[in-house]
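Asker: only geometry, no sequence info:
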Ligand code: MRU
């Protein structure tokens, strides 16, 4: 199986594969300033909720590593600017805030125990690397839980890209498919292109093709047709934020797939790590939805396809919990009522030391 590497910590800096250029070109950049990591997240060099979290953690580590602060107080002041800059990149994926919160907690612990700035720097670099390593382990576990519920033979639909490019591991939704295929299931993936940013056409099709997993690319307006006539066995997508009641934000277009899947009796599954839960909000109405530029709708990779008119671009939508058959996490499978099942998995996360 081919597993893309979207991000890596190196001694030279944070190396990222430019996902905007895929599949045409495989170009990587090495970032040496946290401000550039923030720009890379905002401009979608790296994207996908867990990968954004890894990038944010590495951005914090880079900022601290390069700090010229002479005292702990100076470093503390810089630290809050670093966190703030990275927090203002993309609003919907809660993994970003989870990673920043984790780095902040580690910094607070260290700064109450020691004032050796070099020690603080090296521990924070290790913490960022651990975030990445844990994402890999998390994806594997999600993959194993989810693979059980994939059909033995047949079509599975996904949305957007929830593969290695989106996580830094084997992927969440595509990780489930990868593990199922490794277990011998004969899965053919239906990949909606995912307008306007085309993560399905550009990224998911590229990853599956490289892994030799059979796929058919479809346009977004074919989703209903294939759910009605195509004998689809399951839908599995990733998530950007899951509210306490199970309402789930994911890439725009996911909601209509979930509703149509219900209409045609196709189980609709979410695959996501526990870090995607936001139990501080009771329902999906509280999830902030990123509005991106209308130019991403009126143009495709710089080529104008519409007149210069107003275009809407909410980047995510929210699928109400009633359409979700189950949520695959690294700690097990949550089912309705999600208020109880998600809380139980989150509590388990706090009490366990490793994923
Ligand atoms: O705008 P993007 O490309 O960052 O959106 C990505 C998605 O919506 C993914 O489905 C989600 O982040 C889960 S990735 C494992």
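Answerer: Yes, it's here. Every value quoted in this text rests on a predicted model; they were computed, and no experiment measured them. Numbers count the residues shown, from 1 in each chain.
Asker: Check which residues of stretch 213-223 are buried.
Answerer: 213, 215, 217-218, 220, 223 (16 or more other CB atoms under 10 Å). (Each C-beta comes from the backbone N, C-alpha and C, glycine too.)
Asker: ugh, typo on my part, it should be stretch 67-75
Answerer: For stretch 67-75, by 16+ other CB under 10 Å, it's 67, 72, 75.
Asker: could I get the residues you listed as JSON lines with pLDDT and distance to residue 296?
Answerer: JSON lines is the format used below for these (pLDDT from 0 to 100; distance: CB to CB, whole Å):
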{"residue": "67", "pLDDT": "97", "distance to residue 296": "35"}
{"residue": "72", "pLDDT": "94", "distance to residue 296": "43"}
{"residue": "75", "pLDDT": "96", "distance to residue 296": "38"}
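Asker: Which of those residues sits closest to the ligand?
Answerer: If you rank those by distance to the ligand using CB to the nearest ligand atom, residue 67 comes first, at 28.6 Å.
Asker: Not counting sequence-adjacent ones, nearest residue to the closest one?
Answerer: Spatial nearest neighbour of residue 67, excluding adjacent residues (CB to CB, 6 or more residues apart in numbering): residue 78 at 5.3 Å.
Asker: Okay, that neighbour and residue 11: tell me how far apart.
Answerer: 21 Å (CB to CB, to the nearest Å).
Asker: And the two? Which one has more around it.
Answerer: Set side by side, residue 78 and residue 11 show more neighbours around residue 78, with 17 against 5, by other CB atoms under 10 Å.
Asker: Enumerate the positions of the helix or strand hosting residue 121 that are buried.
Answerer: In this structure, residue 121 sits in helix 117-147 according to DSSP states H and E. By 16+ other CB under 10 Å, the buried positions in helix 117-147 come out as 117, 120-121, 123-125, 127-129, 131-132, 134-136, 138-147.
Asker: The next helix or strand after that helix - what's its average pLDDT?
Answerer: Following helix 117-147 in sequence order, the next helix or strand is strand 153-157 (DSSP H and E). Strand 153-157 shows a mean pLDDT of 97.
Asker: oh, and call the first residue 324 from now on, that's how I've got it
Answerer: In the new count, where the first residue is 324, that last one comes out as strand 476-480.
Asker: Quick one: residues in contact with strand 476-480.
Answerer: Here strand 476-480 makes contact (CB atoms under 8 Å, 6 or more residues apart in numbering) with 473, 500, 508-515, 546, 549-550, 553-559, 580, 584, 589.
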